[in-house]
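> using only what follows, build the 3D model:
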Amino acid sequence: MDKQFYVVRGADIFCDCGSHSRKLNLPESHGSYVNGKPMMNELDCVPEVNISKFGICNHPSNESGETIYLISMDGQQIQGKPCLPKLLGTSWSKTKTKVKVDGQSALTTESELYCALGGTIKFASNGQQEE
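I've put the predicted structure just below:
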């Protein structure tokens, strides 16, 4: 992304080792909004609450013995090991520290998360324009 934007509920995220992008979720608003949509903060990174699985994990460190079959984002059948996000740390990095959302640093399109298997989770959109 060329410019830095604040991230809101519904932003598109992806893992560079995953087969599918996902929407960043926020079950309950922090009370701060951009364009009428709830802003996210650095602690909004809980697997299965904020972060969904990214389909198939292509990282060689994934030692899952399971094989799953999915339809790729371009409509092809694919198979591989399931994504099971194991995040390093408890917060997003590269946040906007001078802007607080519910007392925590705000997320921007530059923010990143890191998976223990080696993937990096980034933003494909800020979520502000999605319906």
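> residues in contact with Ile78?
19, 56, 69-72 (CB atoms under 8 Å, 6 or more residues apart in numbering). Every C-beta, even on glycine, is put in place using the N, C-alpha and C of the backbone.
> actually Ser29, not the one I wrote
9, 38.
> so how far is Asn35 from it?
14 Å (CB to CB, to the nearest Å).
> phi, psi for Val101 please.
Recorded main-chain torsions at Val101 are phi -120, psi 110, according to degrees, to the nearest 10.
> what's near enough to touch it?
Applying CB under 8 Å, 6+ apart, the residues near Val101 are 30, 32, 39-41, 107.
> at 6 Å instead, please
30, 32, 39, 41 (CB atoms under 6 Å, 6 or more residues apart in numbering).
> ditto for Ser32
39, 101.
> ok, Gln79 - contacts?
Contacts were defined as CB under 6 Å, 6+ apart; by that measure Gln79 touches 67, 69.
> secondary structure element for it?
strand 77-82 (DSSP states H and E).
> residue most distant from the centroid, the protein?
Farthest-out residue of the chain from its mean C-alpha position, per CA atoms, centre = their mean: Gly65, at 24.6 Å.
> from Gly80, how far out is that residue?
Going from Gly65 to Gly80 by CB to CB gives 12 Å.
> likewise for Phe54?
Taken as CB to CB, the span from Phe54 to Gly80 is 11 Å.
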